[in-house]
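Peer 1: got a predicted structure here, sequence first:
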Amino acid sequence: MNNSGRPPPAVFHTPGFAHYSLAWSPFHSSRIALASSANFGLVGNGRLHLVSVVPGPGGAPTINLDKYFESQDGLYDVAWSEVHENQVLTASGDGSIRLWDIMLNDLAIGVWKEHAREVFSVDWSNIQKDTFVSSSWDGSVKLWKADLPRSVTTIQAHHSCVYQALFSPHQPDLIATCSTDGTLKIFDLRVPTYVAGPNANNFTNPLSAAVLTVPASGTEVLTLDWNKYRPFTFATGSVDRMLKVWDCRMIKMGETGQVGGLCEATLPGHEYAVRKVQWSPHRADFVSSASYDMTCRVWSTVPNGAQPQLLYIHDAHTEFVVGCAWSLFEDGVLASCAWDGKLNVLRV
């Protein structure tokens, strides 16, 4: 691991707004959306920033602000539409989800509010492209269609805060969640028990049976990600400072269904809780992590028993690093965001 000799990151600063999440556009190689909150997201309004990474003087990248939208509550997550290049979702502290069109001004073009507490994650399916999912501190996960006024399915995923819910990049009917209860759970929307009866609906009878439960940590699991090349391989990050890699093909039966999952790698090194993990879209063995220790790190996790390696530490932030995301178009380009109000884009 050697950080010397690398060009400095491009930096974009939003004074007064701490970042919570970022996402690269699946349509434009240079466009990033940032979910931000005033007062570190504890109280006050939020802001959605749209920025572009462009070549600057001498070829070094710079970051330009294209537009921003104000919200009445803090924004905790952001996800680009998979069907419309100018539309982006945000998850809000007031329990709402909003859809914005970046070519328009002021108001969101869609608002959904069914969650009883803060919405902490949103994810747009890259297979079933008209569907997105949200997770909330109220313990539920909801599936949505952008053209419908109400959710189409509710999953009572956990009995406590659900920090993240993500569609599988391999199978459109699988959703993985992580929670304060220390578990990673997989839900299969095709399971017959999910079919509502003639006098029931998913609002009065939410789905609750996971097809697999992985006891991933004795502490809260704050983040997860599906490996883009190895189905049923996950990375998780938790309050115990550990980044772990799971092979969820290795399962066993428990009293409440299938449990287990083989932990094929444990990656110690962070000094505080791991807040975000994301696998590279270009390499099966590269994963990035963001932590409250104010660093963003890149690891190599070659399977089949090889020793994981810490490849890179990005320590330019001065507050909690809560988001990291790989460029979808350019291998080795990583963005990080933090409570210091700074977005960094770097080449690792």
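Peer 2: That came through, no problem. Numbers count the residues shown, from 1 in each chain.
Peer 1: Gln164 touches Phe120, doesn't it?
Peer 2: Yes. Assessed by Cβ atoms under 8 Å, Gln164 is found in contact with Phe120 at 7.2 Å. In short, each C-beta sits where N, CA and C put it, glycine included.
Peer 1: any idea which helix or strand comes after the helix or strand harbouring Asp77?
Peer 2: Assessed by DSSP states H and E, Asp77 sits inside strand 75-80. Scanning forward in sequence from strand 75-80 by DSSP H and E, the next helix or strand is strand 87-92.
Peer 1: what's the angle between that following strand and strand 75-80?
Peer 2: Counting by axes from the mean of the first three to the mean of the last three Cα atoms, to 10 degrees, strand 87-92 lies at 160 degrees to strand 75-80.
Peer 1: and strand 87-92, which strands flank it?
Peer 2: Strand 87-92 has the following strand partners under DSSP bridges: strand 75-80 (antiparallel), strand 97-101 (antiparallel).
Peer 1: for these, give me TSV that also has mean neighbour count and mean pLDDT.
Peer 2: TSV is the format used below for the strands paired with strand 87-92 (neighbours: other Cβ atoms under 10 Å; pLDDT from 0 to 100):
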stretch	mean neighbour count	mean pLDDT
strand 75-80	25	98
strand 97-101	22	98
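Peer 1: between those strands, which gets nearest to Arg241?
Peer 2: Arg241 sits nearest to strand 75-80 of all the strands paired with strand 87-92, at 21.9 Å, using Cβ to Cβ.
Peer 1: convert the C-alpha atoms of that closest one to PDB, please.
Peer 2: Provided in PDB are the C-alpha atoms of strand 75-80 (Å, rounded to 0.1, in the frame of the first residue of the first chain):
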ATOM      1  CA  LEU A  75     -31.400  13.700   2.800                       C
ATOM      2  CA  TYR A  76     -29.800  10.400   3.700                       C
ATOM      3  CA  ASP A  77     -29.500   8.500   0.400                       C
ATOM      4  CA  VAL A  78     -29.700   9.000  -3.400                       C
ATOM      5  CA  ALA A  79     -30.300   6.700  -6.400                       C
ATOM      6  CA  TRP A  80     -30.400   7.400 -10.100                       C
END
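Peer 1: what are the contacting residues of it?
Peer 2: The contact list for strand 75-80 (Cβ atoms under 8 Å, 6 or more residues apart in numbering) reads 20-27, 33-37, 41, 46-48, 87-93, 118-124, 132.
Peer 1: enumerate every residue touching the nearest residue to Asp94 once chain neighbours are set aside.
Peer 2: Among residues not flanking Asp94 along the chain, Asp73 sits closest, at 3.9 Å (Cβ to Cβ, 6 or more residues apart in numbering). Contacts for Asp73 (Cβ under 8 Å, 6+ apart) come out as 44-46, 92-94, 96.
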